[in-house]
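[1] Fold the following and give me the result.
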Amino acid sequence: MDRRKILLVVAVVVAALGAALVFVYAQGAEDRAKEEIQTVPVLVATQIILPGESASDAANAQKLVSTQVPSDQVLEGATNDGAEFADAVAKTTIYPGEQLLRQKFGTVEEIEADAQLPIPDGLVGYPLNLDDLSRITGFTKPGSRVGAIITGTFPPSTEVESRLLLDEVNIFATGATTITTPSTPALNPDGTPAAAPAAGAPVNQYIIAVKPNETLRLELAQQLGKIQLVLLPPDAKLKVGDPITAQDIFTQVGN
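    Here you go, the predicted structure:
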């Protein structure tokens, strides 16, 4: 065998040994990385969980999943034990991808205690049940000052109109509740019966402080039209004006 053939064989052997060493090193690095990055299972939200929604309802709606998370990324209060959230409801909105934290859940009694303010003397608490389209999501909390407008058909008029219902009241408590079909159906703005909510449908309830004689007016108002909250800054006040009808919606009006 001449010298060139010997050198070629040696080069092939060296190349093969080099490739084997690289493979062994890479495999070892991967194994070391797996050993260094420890993961643990934790419960993670896959869909939005609203304040007042129970953990069990969220689980039944497949809003929760157990996911492996690197141990150095597990947040304090996270767990994979769903039993720790038994009979607990969310205190705040939980977004997809968030780890479920114990401190973001509590019992209904705890949330009610945290979400109430003392009602001033001479006033009473009245519940307004509002759907998602009628409330100001995330901003109407205990202590908020709000006004309310109502849209509907109010006898003797047969025309749909909007009116100021409350010029200024304070919210003293909030929470989620469930409702059943009322004995007296609510009406749409055009005067036709509104579709009744399904039994157990969740709504948001706001306890407002009003004078005792205003409760009857509010009770009837909730049956006659649709109420929409208006968030008021500390120094703002609403001014009572004439009703707005379909003929006025494109006309500029005063404050």
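[2] And for residue 70, the neighbour number?
    10 (other CB atoms under 10 Å). Where you see a C-beta, it was placed from the backbone N, CA and C, and this is true even at glycine.
[3] Report the contact partners of it.
    37-39 (CB atoms under 8 Å, 6 or more residues apart in numbering).
[4] what do you get if the cut-off is 7 Å, keeping everything else the same?
    For residue 70, the contact set (CB atoms under 7 Å, 6 or more residues apart in numbering) comprises 37, 39.
[5] where's it relative to residue 41, distance?
    Residue 70 sits 12 Å away from residue 41, going by CB to CB, to the nearest Å.
[6] again with residue 247
    From residue 247 across to residue 41, the span is 62 Å (CB to CB).
[7] more crowded one of those two?
    Neighbours were counted for residue 247 and for residue 41 using other CB under 10 Å; residue 41 has more, 15 against 9.
[8] Could I get the average pLDDT for the helix or strand that one falls within?
    Element membership of residue 41, judged by DSSP states H and E, is strand 39-45. Mean pLDDT, strand 39-45: 91.
[9] residues making contact with it?
    Defining contact as CB under 7 Å, 6+ apart, one finds that strand 39-45 is touched by 63-71, 74, 78-80, 82, 94-100.
[10] From the residues you listed, which land in strands?
    Counting by DSSP state E, the part of the contacts of strand 39-45 found in strands is 64-70.
[11] and of those residues, the nearest to residue 55?
    For these, the residue nearest residue 55 by CB to CB is residue 64; the value is 7.6 Å.
[12] And stretch 154-161, end to end?
    8 Å (CA to CA, to the nearest Å).
[13] residues contacting residue 74?
    Per CB under 7 Å, 6+ apart, neighbours of residue 74: 40, 42.
[14] how near is it to residue 99?
    7 Å.
[15] what does residue 39 give?
    13 Å.
[16] Is there a quick PyMOL command that grabs whichever of the ones in strands among the contacts of strand 39-45 are buried?
    The buried residues among these can be selected in PyMOL (16 or more other CB atoms under 10 Å) with this line:
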select buried, resi 64+69
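[17] State the pair within the ones in strands among the contacts of strand 39-45 that is farthest apart.
    Farthest pair in these, by CB to CB: 64 and 70, 19.6 Å.
[18] Give me the local confidence score for the residue nearest to residue 159 when sequence neighbours are not counted.
    Counting by CB to CB, 6 or more residues apart in numbering, residue 245 is the residue found nearest to residue 159 once chain neighbours are left out, at 5.4 Å. On the pLDDT scale, residue 245 is placed at 80.
[19] go on, residue 87?
    Looking at residue 87, the pLDDT reads 81.
[20] go on, residue 62?
    pLDDT, read off for residue 62, is 90.
[21] what's the burial count for it?
    For residue 62, the neighbour count with other CB under 10 Å is 9.
[22] could you pull out the strands for the stretch 1-150 of the chain?
    Remark: strands assigned in the stretch 1-150 of the chain by DSSP state E, counting those that start in this stretch are 39-45, 64-70, 89-90, 105-106, 124-130, 145-153.
[23] a markdown table for these, including distance to residue 163?
    Conversion of those to a markdown table gives the following (distance: least, CB to CB, whole Å):
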| stretch | distance to residue 163 |
| --- | --- |
| strand 39-45 | 41 |
| strand 64-70 | 44 |
| strand 89-90 | 35 |
| strand 105-106 | 39 |
| strand 124-130 | 16 |
| strand 145-153 | 6 |
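[24] Thank you, goodbye.
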